[in-house]
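Chemist: when you get a sec, could you give me coordinates for this:
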Amino acid sequence: MAHPLRLLVFVFLVVHASPLPLSTYDDSMCSESFRCGDVDIAYPFFLSNATQVSPDYTSNYSCGYTDLKIFCEGEGNAMAPILHLGGDRYTIVNISYDKHTFILGDTDVLRGNNCPRVSHDVSLGQAWLGYTDSLSSLAFFFDCYDAGEVLPPDLKDHQINCTGFSGDGVSFVFVAGYEERNVSQKYDLAGHCNHSFVVPVHEDPLLGSGQQLMLPAEYGGVLKKGFELEWNQGAEQVCNLCEQSDGRCSYSENKQFLGCLCTGGKVGVQDCNGGGATPASAEPSSSKFS
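Modeler: Numbering: from 1, shown residues only. All right, here's what the predicted structure looks like:
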């Protein structure tokens with residue numbers, strides 16, 4: 001028979017393993033919308049400082065989807081909305097709330113010269129986010145071939161040699177796909193280059209009158225156009241009910257649904273119409289793109 005004290009500890013851990021639902025919130029914290037740079041930010045996006053510790057909860061609650069936290073950075077004309085993906089910084093260029101899509105670009109690339117050097121892949125592990133059908137990709141191979149090594153003629157058409165590009169050795173860019181795989185395998189670019197990255201881009205800049213733009217000369221312009229993501233509305237049924245009642249879904253930092261934020265600082269258990277059971281603490285369902 002289990003010791004009574006051990007049983008009590010077990011019950012305590014089970015009860016407190018999931019966050020408690022909210023009972024009230026500060027509605028002045030969750031603004032309907034705000035302007036950051038040239039972009040209007042509204043739910044399900046929310047400002048990074050629009051999170052707060054509830055009296056009945058031990059961690060922050062959000063005013064929107066956890067993955068859509070915006071850091072409004074800079075001053076004056078330099079102000080811009082920043083979104084973090086996998087620890088990397090991206091600038092939101094435009095949001096289409098009707099289509100549930102937004103365009104963003106690598107912040108360092110957007111602020112750099114016309115020959116930017118990317119430094120990471122894109123990490124898209126968020127539950128709410130996925131790529132749209134506009135997706136294409138560029139594959140980069142940086143700092144390749146030591147001095148004295150002969151550069152294969154097939155690679156010269158892909159060599160980055162524009163003014164302002166920095167790096168050791170030679171570097172290449174391809175439209176990711178069949179040709180890129182064949183060339184990189186043929187010449188073992190992974191073995192000849194110190195760094196390689198594949199980054200998403202919008203396919204439109206790569207198409208002009210049915211012809212590809214001139215790469216590598218125009219790769220910087222393609223990167224600066226950014227790429228498009230979409231968010232899945234109401235990843236949980238309980239969030240759907242909340243949004244249908246004109247409420248806003250609130251989540252914990254680890255993506256657990258806490259309640260439906262309604263007008264006047266009121267919190268619905270699952271909607272703003274007064275119905276529903278205790279909010280589920282399960283993580284939102286995975287995106288179809290992940």
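Chemist: all contacts plus neighbour counts: C-alpha atoms, from now on.
Modeler: Noted.
Chemist: where does the stretch 101-250 of the chain have low pLDDT?
Modeler: 125-126, 205-214, 233-236 (pLDDT under 70).
Chemist: who does the residue nearest the centre of the chain bridge with?
Modeler: Nearest to the geometric centre of the chain sits residue 85, at 4.2 Å (Cα atoms, centre = their mean). Beta bridges link residue 85 to residue 88 when assigned by DSSP bridges.
Chemist: wait, isn't it in contact with residue 127?
Modeler: No - counting by Cα atoms under 8 Å, residue 127 is not a contact partner of residue 85; they are 11.7 Å apart.
Chemist: what about the helices in the stretch 1-150 of the chain?
Modeler: Applying DSSP state H, counting those that start in this stretch to the stretch 1-150 of the chain gives helices spanning 4-15, 107-111.
Chemist: can you flag the weakest of those by average pLDDT?
Modeler: In terms of average pLDDT, helix 4-15 trails the rest of the helices of the stretch 1-150 of the chain, at a mean of 37.
Chemist: surely residue 102 meets residue 202?
Modeler: No - Residue 102 lies out of contact with residue 202 (Cα under 8 Å); the separation is 11.5 Å.
Chemist: neighbour count: those two, which is higher?
Modeler: Neighbours were tallied for residue 102 and for residue 202 using other Cα atoms under 10 Å; the higher tally belongs to residue 202 (24 against 18).
Chemist: what sits against the more buried one?
Modeler: 134, 135, 136, 137, 222, 225, 226, 227, 228 (Cα atoms under 8 Å, 6 or more residues apart in numbering).
Chemist: kindly report the same for residue 199.
Modeler: 120, 121, 122, 137, 138, 139.
Chemist: of all these, which two lie farthest apart?
Modeler: Greatest spatial distance among the contacts of residue 199 (Cα to Cα): 120 and 137, at 13.3 Å.
Chemist: am I right that residue 114 is in contact with residue 217?
Modeler: No - the criterion here is Cα under 8 Å, and residue 114 misses it with residue 217 at 9.6 Å.
Chemist: circling back: mutual contacts of residue 85 and residue 127, please.
Modeler: The contact sets of residue 85 and residue 127 do not overlap (Cα under 8 Å, 6+ apart).
Chemist: the contacts of residue 199 in strands, which ones?
Modeler: Assignment to strands by DSSP state E places the following of those there: 137, 138, 139.
Chemist: chain center to the helix or strand hosting residue 240: distance?
Modeler: Per DSSP states H and E: residue 240 is located in helix 237-244. A distance of 22 Å separates the centroid of the chain from that of helix 237-244, by Cα atoms, centre = their mean, to the nearest Å.
Chemist: what's the closest non-adjacent residue to residue 33?
Modeler: Counting by Cα to Cα, 6 or more residues apart in numbering, residue 33 lies nearest to residue 42, which is 4.4 Å off, once chain neighbours are set aside.
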